[in-house]
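**Student:** structure of the sequence below:
(2 chains)
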Amino acid sequence: MSLKPPVGVQRLPRGPDPNSRGFDRSSPRFIALCPTSIPSSASTDPGIEEEQRVRSELRERFLRTLLMMTDKPVQFNMYEKVQVPARFGASDIDILNFHVSDLETPLGVQKEALLRCQDVISCSFEL
Amino acid sequence: MAWYFAICLAMCLLKETSPVSMAMRQTPLTCSGHTRPVVDLAFSGITPYGYFLISACKDGKPMMRQGDTGDWIGTFLGHKGAVWGATLNNEATKAATAAADFTAKVWDAVTGDEVLTLAHKHIVKSVNFTQDSKCLLTGGNDKMLRIFDLNKPEADPQEIAGHTSAIKKALWCNKDQQIISAAEDKTIRLWDRNTAETVKTLSFETSVSSMEYIPDGEVLVITYGKTIAFYKAHSLDLIKTVDAPASIHSASLHPEKDYFVAGGDDFKLYKYDYSTKEEIESYKGHFGPVHCVRFSPDGELYASGSEDGTLRLWQTAVGKTYGLWKCVLPEELTSENSEALYCPQPEIKA
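**Tutor:** Down below sits the predicted model:
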């Protein structure tokens, strides 16, 4: 039986970007459809600006806190009454995982570890 | 060689399937990225930006892709367990997912942000938006159907009881006035949304493996064992059944009802003529059982998800220029333009 020629393709489908979760902010669809990021205050116009200002301030404070935490000993309070001290290294871009060093666990000290942020309730450190 | 060129050119210009598919071999487009079996997939409607596809995967990370190319758009991050069901609303502005972490989640499908988490008492298997995207229907292992008003998410959902084992799929039908659900109790039930009562029950010898609802024409596509069955959605009257060579996990009917496709345990995709019930062709490609298959809203392609962790896109009219597929004239393969085209290595079949 003769082999039929296969249909040609221009390229293969693009796969996921290992560094991000996608949803390209520069895509035409995003630019056209992106709703105001504040669903709660859709009704009041002056309210939006103030809320955006406060949100920006809070976000900046949070990011600066992460920066300050770098290389400091931090106490993580997690679910199931887990409280573990560790040295904070870095967070990933979506704040899904924290890289920590010398994580003190009941099983011993873990030299390097990734903590899942969803599991962290709070963390505290000395300034 | 001029006559060969003329025939190929004529075939490329024709819109009908049969002459073109006789001449060329289907090249499925593989979408990688998932790391575990793909168990569900859904297309959006046709939007001004094209149409989109969402895939549910046991790795807990459902992905959204451009429907006609398979290009990855984004991954919805947040579930803590296998995602069993995923859907997009018609405009592809919202997504919903059902997972083993006992939650269903609603997402903004433009930004990828999680918008709502709806807690359940057991594994959630199925999610479905109403046409206006205002309500979400969920079903899962706690045997209960739930309707959430997305404008009032804190309010308790309307609960509909009746199934005696885990619900596998629950869909809105008949202009969102009725609900059709399939469960492990080997029944399919049609419910009235307002009275929450069962309108009709269909019983089967074996558990139904999949269900698809086609609003245009009110057709229900159901698979069980090796059978693909078509029912009228209003009355649950049987239209026809077709038996496949292997156990079928999922089937989909073409929007124009020319064809239907099915896939299952033997890793192959089968394409059938809907009117004559004859098998037209079968395609190999997946390295594991096919769990889900759906036609795109324009009917130009169908997507399949498999145990092998991939999604594959298949052309309805093999050889037609569409999406990433390009109809190649023989002289183009040898010209200096040929490096612009990716020609897959032909598989040597034993």
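
**Student:** next, count neighbours for the nearest residue to residue B:131 once chain neighbours are set aside.
**Tutor:** Once flanking residues are discounted, residue B:131 sits nearest to residue B:176: 5.8 Å by CB to CB, 6 or more residues apart in numbering or on different chains. In this view, the C-beta of every residue, glycine as well, is placed from N, C-alpha and C. Residue B:176: 17 surrounding residues under other CB atoms under 10 Å in any protein chain shown.

**Student:** likewise residue B:207?
**Tutor:** 16.

**Student:** how far away is it from residue A:93?
**Tutor:** Distance of residue B:207 to residue A:93, computed by CB to CB, to the nearest Å: 43 Å.

**Student:** same question, residue A:113
**Tutor:** Residue A:113 is 19 Å from residue A:93, by CB to CB.

**Student:** neighbour count winner among those two?
**Tutor:** Counted by other CB under 10 Å, residue A:113 and residue A:93 do not tie: residue A:113 has more neighbours, with 17 against 9.

**Student:** who does the helix or strand hosting that one touch, helix- and strand-wise?
**Tutor:** Using DSSP states H and E, residue A:113 maps to strand A:108-116. Secondary-structure packing of strand A:108-116 (3 or more CB pairs under 8 Å, 6 or more residues apart in numbering or on different chains; DSSP states H and E): strand A:97-105.

**Student:** how close does residue B:248 sit to residue B:263?
**Tutor:** 7 Å.

**Student:** hmm, the residue nearest to residue B:131 is touching residue B:192, no?
**Tutor:** No - Residue B:176 lies out of contact with residue B:192 (CB atoms under 8 Å); the separation is 11.5 Å.

**Student:** ranges for the strands of the stretch 151-300 of chain B?
**Tutor:** Ranges of strands in the stretch 151-300 of chain B, per DSSP state E, counting those that start in this stretch, are B:158-160, B:167-173, B:178-183, B:187-192, B:198-203, B:210-214, B:219-224, B:227-232, B:238-243, B:248-253, B:259-264, B:269-273, B:279-283, B:290-295.

**Student:** residue A:55 - that's part of a helix, no?
**Tutor:** Yes - counting by DSSP: H, G, I helix; E, B strand; the rest coil, residue A:55 is part of a helix.

**Student:** tell me the spacing between it and residue A:68.
**Tutor:** 20 Å.

**Student:** try residue B:128
**Tutor:** 46 Å.

**Student:** who's more crowded, these two?
**Tutor:** For residue B:128 and residue A:68, the more surrounded residue by other CB under 10 Å is residue B:128, and the numbers stand at 24 against 12.

**Student:** partners of the more buried one in the sheet?
**Tutor:** residue B:137 (DSSP bridges).

**Student:** isn't it right next to residue B:136, touching?
**Tutor:** Yes - under the contact definition of CB under 8 Å, residue B:128 touches residue B:136, with a separation of 7.2 Å.

**Student:** joint contacts of the two?
**Tutor:** Common neighbours of residue B:128 and residue B:136 (criterion: CB atoms under 8 Å, 6 or more residues apart in numbering or on different chains): residue B:96.
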